[in-house]
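Q: Here is my input, please return the structure:
(one chain, ligands or ions: 1)
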Amino acid sequence: MSASLRFGLALFVAGLLAASAALSLAQWQREARARTMAEAATGGHVDAGKVLIGRYGCGACHEIPSVLAASGRVGPSLEGFAGRAEIAGLLPNDPAELDLWLRKPQSVKPGNGMPNQGISETDARDIAAYLLTLN
Ligand code: HEC
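A: Residues are numbered from 1 along each chain as shown. Next up, the predicted model:
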């Protein structure tokens, strides 16, 4: 390989690395912004919400791509939930309504497939914060 070809190749690889670093930085900034907004809107903690989702076993009924082993098919997938207009086709998707849905789905829509699970207000806030980061 000639020296100039090697130099060209090195430049090309450096360009690729710089581009991928810029992309991951943009991705990281987007995620950080989504977290801040979700925590401000709900008063909950995103990381705690993710842990609680595992503890309450939501993944038995819901697919949640970012939660390991959450691959249930009883309820709708929660992928992209933050971008949805409605909760269960009934409530507007805002933090107060989400809190209500998480704590009392059977009062909102009697007989639907999601049971009341006795979720506390604090837990519901954390879970809502996490769900609202799912873009
Ligand atoms: C036994 C199954 C079951 C469990 C456990 C369950 N869900 Fe659900 N969930 C459902 C079903 C079924 C629906 C659809 C209700 C409807 O639209 O009639 C639903 C709907 C939802 C919705 C509304 C989704 C949308 O796009 O409209 C959210 C959000 C949700 N569940 C979150 C959770 C969370 C968080 C947990 C754990 C704390 C959980 N669910 C536990 C069955 C379940």
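Q: can you pull out the helices in the protein?
A: If you assign secondary structure with DSSP state H, the helices in the chain sit at 3-42, 46-56, 95-103, 105-108, 121-131.
Q: Which other helices and strands does the fourth one contact?
A: Counting contacts by 3 or more C-beta pairs under 8 Å, 6 or more residues apart in numbering; DSSP states H and E, the secondary-structure elements packed against helix 105-108 are helix 95-103. (C-beta placed from N, C-alpha, C; glycine too.)
Q: list the buried ones in the helix it packs on?
A: Pro95, Glu97, Leu98, Asp99, Trp101, Leu102, Arg103 (16 or more other C-beta atoms under 10 Å).
Q: Same question for stretch 120-135.
A: Buried residues in stretch 120-135, counting neighbours by 16+ other C-beta under 10 Å, are found at Asp123, Ala124, Arg125, Asp126, Ile127, Ala128, Ala129, Tyr130, Leu131, Leu132, Thr133, Leu134.
Q: Any part of stretch 43-52 near the ligand?
A: No. Among the residues of stretch 43-52, none lie within reach of the ligand under C-beta under 6 Å from any ligand atom; the closest is 7.1 Å away.
Q: re earlier: for the buried residues of stretch 120-135, which one is nearest Gln27?
A: Thr133 (13.2 Å; C-beta to C-beta).
Q: which parts of the chain sit against the ligand?
A: The interface of the chain toward the ligand, taken as C-beta under 6 Å from any ligand atom, is made up of 53, 56-58, 60-62, 74-76, 78, 81, 84, 87-89, 102, 109, 112-115, 117, 127, 131.
Q: For Val46, see how far away Ser66 is.
A: 11 Å (C-beta to C-beta, to the nearest Å).
Q: same thing with Ala10?
A: Between Ala10 and Val46 the distance is 41 Å, computed by C-beta to C-beta.
Q: Looking at the two, which one has more neighbours?
A: Between Ala10 and Val46, counted using other C-beta atoms under 10 Å, the more crowded position is Val46 (21 against 10).
Q: Please save the CA atoms from stretch 119-133 in CSV.
A: This file holds the C-alpha atoms of stretch 119-133, laid out as CSV (Å, rounded to 0.1, in the frame of the first residue of the first chain):
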residue,chain,number,x,y,z
ILE,A,119,-49.0,0.8,43.6
SER,A,120,-48.2,3.6,46.0
GLU,A,121,-48.2,7.3,44.9
THR,A,122,-44.4,7.5,45.1
ASP,A,123,-44.0,4.3,43.1
ALA,A,124,-46.5,5.5,40.5
ARG,A,125,-44.6,8.8,40.1
ASP,A,126,-41.3,6.9,39.6
ILE,A,127,-42.8,4.5,37.1
ALA,A,128,-44.5,7.3,35.2
ALA,A,129,-41.2,9.1,35.0
TYR,A,130,-39.6,6.1,33.4
LEU,A,131,-42.5,5.4,31.0
LEU,A,132,-42.3,9.0,29.8
THR,A,133,-38.7,8.5,28.7
